[in-house]
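[1] Everything below, folded, please.
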Amino acid sequence: MITYNQLKHDIINLGVKPGDTILLRISYRAIGQTVGGPSTFIQVLLDVIGESGTIVSMGFPMPDTSSLFRIFHKKEFIMSPSKVGTGAIPMTMAHNEHSYVSTNTLFPYIAIGKHAKEICSRHTDQSKPYDLIEDIAINYNAKRLRIGGDFLNGTTHIAFTKGLRLCNQYQKRYGIGLYTKQGKKYKWNEIRVSIFCYKGYKLFADQYLSQYIIRRGEIGNGEADLTDLKGILYKEDELISKNPTILLCDDPYCWICRCSYSYSSQSLLAFTFTVIKGIHTKDITLNKGIHTILSAWKNVLFGIKAV
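    You can find the predicted model right below:
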């Protein structure tokens, strides 16, 4: 079992300091079994950053249903800590009596600490999904703490969606969302955020973003790093917003890159034949091939334009 003292040693050793504003991207499973569970990790982090620090996490809910079948699931979605869909750490933060939650219906964030209230108060339904991350990167010199999981920061979505708009491009993506109530009427809230391929992003990150990692190490059993969020935000804006195609991967069976964008190299039908050929030549397994084709058709054929 991992103790409070071990976690504190590891977090300090990674470079977290008093007064820091920290964006958390954490797989609690990667840390390992901790005495006291996720609440211990949160308390250690709060003790390290002190009264002048702030921790922030994505508290996005699990959407109720898809836009295609929403007529069959017309019920009000009421946000609660148990409906946080971004992991054990954000869910535990949401249960903390000192936490604040932004009022953005589809993309709420949870924060605890000195600046938590003011940070969350600015992220409303009029805000874009990742505006809060841009806010804390620029105005609070935030750092991103990652343990396990992928390298994604949230800043990439800001540059990527900006790039799609500036280049007059878009992505077709299957719509999902939830209902809220306004008086006696139901309001459908649909997620229209574009996504990108992680393989393509990883190639991009390895080439351009490694210089913004402050320190690498381990926290508990999990591989971890601490990153300069503002540096990454500006670098991604410099490169991706002018050329969103920089995030394309080279996998011929990636439906996201090959056929979901307005600038993709293949039509949905051509991509389908590519995958079928790959199954025939055993370049891709039958199960993966079928899953890939279904994902492509669901998103591109029934998708909405997302930017």
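
[2] tell me the mean pLDDT over stretch 152-170?
    Average pLDDT, stretch 152-170: 90.

[3] Now do it: everything it contacts.
    For stretch 152-170, contacts defined as Cβ atoms under 8 Å, 6 or more residues apart in numbering pick out 23, 25, 58, 128-131, 133-134, 137, 144, 171, 193-194, 196, 198, 201, 227, 229, 232-233, 236-237, 239-244, 247, 261-263, 305-307. In this view, the C-beta of every residue, glycine as well, is placed from N, C-alpha and C.

[4] how about that stretch: buried residues?
    Neighbour counts over stretch 152-170 (16 or more other Cβ atoms under 10 Å) mark 152-164, 169-170 as buried.

[5] So of those, which two are at opposite extremes in space?
    153 and 170 (22.9 Å; Cβ to Cβ).

[6] tell me which of the buried residues of stretch 152-170 is nearest to residue 123?
    Distances from residue 123 to the buried residues of stretch 152-170, taken by Cβ to Cβ, are shortest for residue 154, at 12.5 Å.

[7] Need the nearest residue in space to residue 301, chain neighbours excluded.
    residue 268 (6.4 Å; Cβ to Cβ, 6 or more residues apart in numbering).

[8] wait, isn't that neighbour in contact with residue 295?
    No. Assessed by Cβ atoms under 8 Å, residue 268 is found out of contact with residue 295, at 11.2 Å.

[9] of those two, who's got more company?
    residue 268 (18 against 14; other Cβ atoms under 10 Å).

[10] just to revisit the earlier point, now which of the contacts of stretch 152-170 would you call buried?
    23, 25, 58, 129-131, 133-134, 137, 144, 171, 193-194, 196, 198, 201, 227, 229, 232-233, 236-237, 239-241, 244, 247, 261, 306-307.

[11] now the helices for the stretch 1-150 of the chain?
    4-14, 28-31, 38-49, 88-95, 116-121, 131-139 (DSSP state H, counting those that start in this stretch).

[12] that older thread, among the buried ones among the contacts of stretch 152-170, which are in strands?
    Within those, residues falling in strands by DSSP state E are 23, 25, 58, 144, 171, 227, 306.

[13] Make JSON lines out of these and add distance to residue 115.
    Shown next, in JSON lines, are those (distance: Cβ to Cβ, whole Å):
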{"residue": "23", "distance to residue 115": "12"}
{"residue": "25", "distance to residue 115": "19"}
{"residue": "58", "distance to residue 115": "17"}
{"residue": "144", "distance to residue 115": "16"}
{"residue": "171", "distance to residue 115": "34"}
{"residue": "227", "distance to residue 115": "19"}
{"residue": "306", "distance to residue 115": "31"}
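
[14] quick one: contacts for the residue nearest to residue 301?
    Here residue 268 is in contact with 259, 296-297, 300-301 (criterion: Cβ under 8 Å, 6+ apart).

[15] Sort those residues by pLDDT and name the bottom one.
    residue 301 (89).

[16] so it sits in a helix?
    Yes. Residue 301 forms part of a helix when assessed by DSSP: H, G, I helix; E, B strand; the rest coil.

[17] what about residue 287, how many neighbours?
    9.

[18] In terms of pLDDT, where does it sit?
    pLDDT, residue 287: 97.

[19] same deal with residue 136?
    Reading off the model, residue 136 has pLDDT 97.

[20] Same check on residue 59?
    The per-residue pLDDT reported for residue 59 equals 88.

[21] List the contacts of it.
    Residues near residue 59 by Cβ under 8 Å, 6+ apart: 84, 86, 90, 93-94, 101-102, 108-110.

[22] Who does the closest residue to it other than its chain neighbours form a beta bridge with?
    Closest residue to residue 59 apart from its sequence neighbours, by Cβ to Cβ, 6+ apart: residue 110 at 4.2 Å. Beta-bridge partners recorded for residue 110 (DSSP bridges): residue 57, residue 101.

[23] Pretty sure residue 110 sits against residue 98.
    No. Taking contacts as Cβ under 8 Å, residue 110 lies outside contact range of residue 98: 10.8 Å.
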